[in-house]
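Asks: Give me the fold of what follows.
(one chain, ligands or ions: 1)
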Amino acid sequence: AAFTLAAGIPRAFAQKKIVLGFSQIGAESEWRTANTESIKSAAKDAGIELKFADAQQKQENQIKAIRSFIAQKVDVIAFSPVVETGFETVLREAKAAKIPVILTDRAVNVKDQSLWVSFMGSDFTEEGRKAGRWLVEKMKAEKGPVNIVELQGTVGSAPAIDRKKGFEEIIKADPKFKIVRSQTGDFTRAKGKEVMEAFLKAEGKKINVLYAHNDDMAIGAIQAIEEAGLKPAKDIVIISIDAVKGAFEAMMQGKLNVSVECSPLLGPQLMQAVKDVVAGKPVPKRIVTEEGIFPMEVAAKEFPKRKY
Ligand code: AHR
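Replies: Numbers count the residues shown, from 1 in each chain. Sure thing, here's the model as predicted:
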């Protein structure tokens, strides 16, 4: 009996389950829900015990969750940081406790790069550039001015900062493109609608283009545009990011022009990295997700293949 476990598995073959503490941002978007689902199901498939904490879009909750994972002595901590700054202290605490940290989806801005072992996720700046390039091509025959309103993601978050930067980098080559209003919609449908209503009140029919940092805000804004008696994707060209199913539905209804892909399916990759880190194998410092771009013309054909 000394050599077998209760279930009769010989002790030599029994392995301690890896425990992963994961702090998720919240459930602000369709993207985030798909990301949570990917992480939970991949942990199950990989036989990893997942301690999951939802921060409800608050950094203080993420810091609390990470501290609690440290206190519980989990094997690995992973998290998707709501904003870029302010994580230095808690990451130092994790390092002192010898618990490796993996960043998923969003980066942190810390001087000491040894505070995290790997960062997996999209290149948000490139996503912004893709949105910008699509617009430049779409508007190449227009004399301008092309008045753009921008719905930014969560203030201080990596995707909001980088998607703005990448987009501006491309459109600045032609002075006919003008961002006339830019405000945060916090990556949610409700806020996207509310802020678009304010944009429409202030700028009215002058608006030619909406650039939304995610699909959910664009979908909220589409409602505001329709309620204002305008035709989305016709009177106002609409570009967004994520390429979730909701965006494909909007494109198939002719209400959204294009969505740049940002994949939330990071679960399997994360579990592999967790196993490697625990096994002492080297993991790449940066793992970039490969992504495309989907204009409305291909939406119906692509829709059946979409996984999120
Ligand atoms: O960090 C990725 C972004 O966060 C997604 O584009 C957005 O939908 C989500 O909430």
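
Asks: Could you confirm whether any residue of the host helix or strand of Lys44 contacts the ligand?
Replies: When elements are defined using DSSP states H and E, Lys44 is found to belong to helix 30-46. Yes. Against the ligand, helix 30-46 shows contacts by CB under 6 Å from any ligand atom at Trp31, Arg32. C-beta: built from backbone N, CA, C; applies to glycine.

Asks: Which neighbouring elements make contact with that helix?
Replies: Counting contacts by 3 or more CB pairs under 8 Å, 6 or more residues apart in numbering; DSSP states H and E, the secondary-structure elements packed against helix 30-46 are strand 19-24, strand 49-54, helix 215-227, helix 267-278.

Asks: and that helix, how far out from the chain's middle?
Replies: Average the C-alpha atoms of helix 30-46, do the same for its chain, and the two points are 13 Å apart (CA atoms, centre = their mean, to the nearest Å).

Asks: Could you give me the buried positions within that helix?
Replies: Glu30, Trp31, Arg32, Ala34, Asn35, Thr36, Ser38, Ile39, Ala42, Ala43, Ala46 (16 or more other CB atoms under 10 Å).

Asks: Can you verify my assumption that the fifth one contacts Cys262?
Replies: Spelled out, that is Asn35. No. In this structure, Asn35 is not within contact of Cys262 by CB atoms under 8 Å, at 10.0 Å.

Asks: And the helices and strands packed on helix 30-46: which comes nearest Ile170?
Replies: Distances from Ile170 to each of those were compared by CB to CB, and the smallest falls on helix 215-227, at 18.7 Å.

Asks: show me the contacts for Ile287.
Replies: Going by CB atoms under 8 Å, 6 or more residues apart in numbering, Ile287 touches Ser118, Phe119, Met120, Gly121, Gln269, Ala273.

Asks: wait, I meant Ala247
Replies: For Ala247, the contacting residues are Asp215, Ala218, Ile219, Ser240, Leu256, Ser259, Phe294, by CB under 8 Å, 6+ apart.

Asks: Can you list the neighbours in contact with stretch 157-173?
Replies: By CB under 8 Å, 6+ apart, the residues outside stretch 157-173 that reach it are 81-84, 106-107, 122-133, 135-136, 148, 150, 152-154, 177, 179, 182, 184, 187, 211, 213-214, 241, 262.

Asks: Please see if that stretch touches the ligand.
Replies: Yes. In terms of CB under 6 Å from any ligand atom, part of stretch 157-173 sits within range of the ligand, namely Pro159.

Asks: now do stretch 198-217
Replies: Yes. Contact between stretch 198-217 and the ligand, assessed by CB under 6 Å from any ligand atom, occurs at Asn214, Asp216.
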